[in-house]
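This is the structure alone, sequence omitted:
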């Protein structure tokens with residue numbers, strides 16, 4: 001086998017692995033499975049991303065933070081729904097968008113932090129967002145009662161077409177609002193390094 005043949009086989013194997021997983025798979029896991037360096041696998045995945053983008057077909061390879069997944073082109077969503085007779089998901093409520101925004105921009109956060117920002121009980125909304133896999137429990141705070149911490153998921157990135165949280169739009173620069181948010185974070189203990197993993 002020539003070097004080119006080896007590269008083609010590796011590229012095809014990585015492509016098959018990502019396709020077979022269905023869910024986002026981290027580059028490091030693929031590298032471990034192939035007993036190769038992360039940089040080498042990353043290079044192969046980047047080649048595949050470009051190939052699928054240039055192909056302009058019905059699906060693409062999408063980078064989601066440090067993971068990859070095959071996803072359909074949003075252009076064909078209506079066609080897919082027609083063929084599969086998939087019902088449109090009920091849209092998120094205004095309250096759900098507010099809670100999701102608070103989590104996305106301040107994670108990891110506790111339920112009490114979210115409720116302090118919104119000024120109302122958010123138990124139901126947090127439960128709905130967890131069921132839809134947009135946020136998840138990611139640890140506990142080292143404070144009395146050990147409250148749960150919440151953060152966004154890779155499904156959140158996929159739903160909002162983001163590669164990473166760095167792609168989130170910047171918040172408006174309102175100094176009073178920023179000071180209030182910082183005060184809440186400090187009061188909650190999140191910024192004082194009191195986080196522990198579940």
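Yep, it's here. Computed from a predicted structure; not experimentally measured.

alpha carbons only for contacts and neighbour counts from here, please
OK.

give me the beta-bridge partners of the residue lying closest to residue 27 once chain neighbours are set aside?
In space, and not counting its chain neighbours, residue 27 is closest to residue 67: 5.8 Å by C-alpha to C-alpha, 6 or more residues apart in numbering. Bridge pairing for residue 67 (DSSP bridges) gives the partners residue 26, residue 64.

I figured residue 67 was touching residue 25, is that so?
Yes - between residue 67 and residue 25 there is a contact under C-alpha atoms under 8 Å: 5.0 Å.

Which one of those two is surrounded by more residues?
The residue with more neighbours, out of residue 67 and residue 25, is residue 67; 21 against 18, by other C-alpha atoms under 10 Å.

per-residue confidence for that one?
Looking at residue 67, its pLDDT stands at 91.

ditto for the one 4 residues further on
Among the per-residue scores, residue 71 shows a pLDDT of 91.

what about it, how many neighbours?
So residue 71, with other C-alpha under 10 Å, has 17 neighbours.

Regarding it, what is its secondary structure?
Following DSSP: H, G, I helix; E, B strand; the rest coil, we place residue 71 in the strand state.

and it, what does it touch?
By C-alpha atoms under 8 Å, 6 or more residues apart in numbering, the residues touching residue 71 are 59, 60, 61, 62.

Which of those residues sits closest to residue 10?
Nearest to residue 10 out of the contacts of residue 71 is residue 61 (C-alpha to C-alpha; 16.3 Å).

Break the chain down into its domains, please.
3-84, 94-196 (automatic domain parsing).

can you tell me which of those the model trusts least?
If those are sorted by mean pLDDT, domain 94-196 sits at the bottom with a mean of 81.

which secondary structure element contains residue 61?
For residue 61, the host element (DSSP states H and E) is strand 59-64.

tell me the SS of residue 16?
Per three-state DSSP, residue 16 ends up helix.
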